[in-house]
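Novice: pasting the structure only:
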């Protein structure tokens, strides 16, 4: 994976610019000189081929090498889990389609791992509204103790109903502190001692799914011990979409707390990770830190928050599913916003929004309509008259129009790098746990067209 990290930094110009800053930063000026013309001339069919790794002989050799390098470096990095459980109508209540998909798949995997590893307590980190916890209790008869930062979620009517079913949730900021470790350890021990042993061999209603060969080998839990009933507190720590620093904290606590035997964790919001001169929460593993220092020094750049933001954007499966019309509309929306950003950048001010969203989708029918909608929803524009601002924005639009086609291919190249950046983050976390001596695999758990952050980190203590 040192090659993957090196590849990311080699093409840092693809992540070092937000799409709405494209006319400010002009990243195409850093692209290989023989790429621009061919990329601008590509149809959406050809751009899709590029994203899929299907190279054309007439493309520049360096562009073909870029596409091939991404395909070879990514390889087949994950195993696949396609089984799911059936949710009763009462459990489904309040769940979105996305949440139902996630809970059905994750509960199936967690239930199987608990059976294999003899876990008798679930520690649900970032329990939210308790959807996963209630499902695990109802389907697998597991004891669940949830931890949630937001007090509002703990007091939610759904959580109150869940509490009546013995699903307990405690408000706690899970971090890497020794104080948090002590609270978690004491909570697990107290909760385990207060409930009777549960038979987790009950009928799980698992519906066996099919495994996709393209997505990797079938995932099989790799525990060194078969299931047994025990008085020992054995915790399966789970986290469904642990945001930002919550995933590294969860991995740390899994390692630190002896009672934690199994881990199933999906992270999200990588751009919220803490980064500093001493790495912060990326990279985590000693091996990746060594590789990262060498590569960053060689290339004179680093994996910054812009790279982490790109890593948590939509996967290529969603991008490829767009129609030509949807792609064209997306690029037009980006262009309008980028023109606005260039104008405000030159004037040295920020737009003061009166509403949470600057404009709605209906405002993008034309640039004139877009500007009218923007000016209606912002405060004073540095004392300038509306007519002067409209004229200046129209001139800026005309100036940038010749570069609108650049957005199409820059967006496509970012989609290609997104997958690699995310896998670099995930493989670093996998390596961190392996360095601690644990069995650890990356498992494709969700359909990424439904749930973009679909790769779970599975760890088991031997």
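Specialist: Cool, the structure landed. Keep in mind it's a predicted model, so treat the numbers as computed, not measured.
Novice: CA only for contacts and neighbour counts going forward, please
Specialist: OK.
Novice: let me see the domain layout of the protein.
Specialist: Per the record, the chain has its domains at 2-61+318-416, 79-285+422-460, by automatic domain parsing.
Novice: before we move on, which element is the closest residue to residue 103 other than its chain neighbours in?
Specialist: Counting by CA to CA, 6 or more residues apart in numbering, residue 132 is the residue found nearest to residue 103 once chain neighbours are left out, at 5.6 Å. For residue 132, the element it lies in under DSSP states H and E is helix 131-140.
Novice: related to what we said a few turns ago, isn't the residue nearest to residue 103 up against residue 105?
Specialist: No - Residue 132 lies out of contact with residue 105 (CA atoms under 8 Å); the separation is 10.2 Å.
Novice: which of these two has more residues huddled nearby?
Specialist: Per other CA atoms under 10 Å, whichever of residue 132 and residue 105 has more neighbours is residue 132, with 25 against 21.
Novice: now the host helix or strand of residue 122: how far from the chain's centre is it?
Specialist: Following DSSP H and E, one finds residue 122 within strand 121-125. Relative to its parent chain, strand 121-125 has a centroid offset of 21 Å by CA atoms, centre = their mean, to the nearest Å.
Novice: regarding the chain, what is its longest helix?
Specialist: helix 404-435 (DSSP state H).
Novice: from the chain's centroid, how far away is that helix?
Specialist: Taking mean C-alpha positions (CA atoms, centre = their mean), helix 404-435 and its chain are 10 Å apart.
Novice: helices or strands up against the very next helix or strand once past it?
Specialist: Sequence order places strand 439-444 as the next helix or strand after helix 404-435, per DSSP H and E. Strand 439-444 is packed against strand 79-80, helix 404-435, strand 455-460, with contacts defined by 3 or more CA pairs under 8 Å, 6 or more residues apart in numbering; DSSP states H and E.
Novice: just name the most buried of the ones you listed.
Specialist: For the helices and strands packed on strand 439-444, the largest average neighbour count (mean count of other CA atoms under 10 Å) is found in strand 455-460, namely a mean of 25.
Novice: start to end distance for stretch 316-324?
Specialist: End-to-end distance of stretch 316-324 (CA to CA, to the nearest Å): 15 Å.
Novice: quick one: distance of that stretch to the chain centre.
Specialist: 18 Å.
Novice: who wins for proximity to residue 294 among the domains of the chain?
Specialist: Comparing the domains of the chain against residue 294 with CA to CA, the closest turns out to be domain 2-61+318-416 (9.1 Å).
Novice: the strand holding residue 122 pairs with which strands?
Specialist: Counting by DSSP bridges, the strands paired with strand 121-125 are strand 143-148 (parallel), strand 235-243 (parallel).
Novice: which regions of the stretch 101-250 of the chain lie under the pLDDT threshold?
Specialist: Applying pLDDT under 70 to the stretch 101-250 of the chain picks out residues 151-166, 196-230.
Novice: 90 instead, please
Specialist: 129, 149-169, 194-231 (pLDDT under 90).
Novice: where exactly do the helices run in it?
Specialist: 131-140, 151-154, 157-163, 178-194, 246-256 (DSSP state H, counting those that start in this stretch).
Novice: show me what residue 268 bridges to in the sheet.
Specialist: residue 243.
Novice: neighbours of it, just the number please.
Specialist: Residue 268 has 23 nearby residues by other CA under 10 Å.
Novice: just residue 175 next, same as before
Specialist: 18.
Novice: do residue 342 as well
Specialist: By other CA under 10 Å, 21 other residues sit near residue 342.
Novice: now do the same for it: its pLDDT.
Specialist: We have a pLDDT of 97 for residue 342.
Novice: that one and residue 26 touch, don't they?
Specialist: No - with contacts counted by CA under 8 Å, residue 342 stays clear of residue 26, the gap being 10.8 Å.
Novice: export the domains of the chain as a markdown table, with columns for distance to residue 304.
Specialist: Output for these, formatted as a markdown table (distance: least, CA to CA, whole Å):
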| stretch | distance to residue 304 |
| --- | --- |
| domain 2-61+318-416 | 8 |
| domain 79-285+422-460 | 8 |
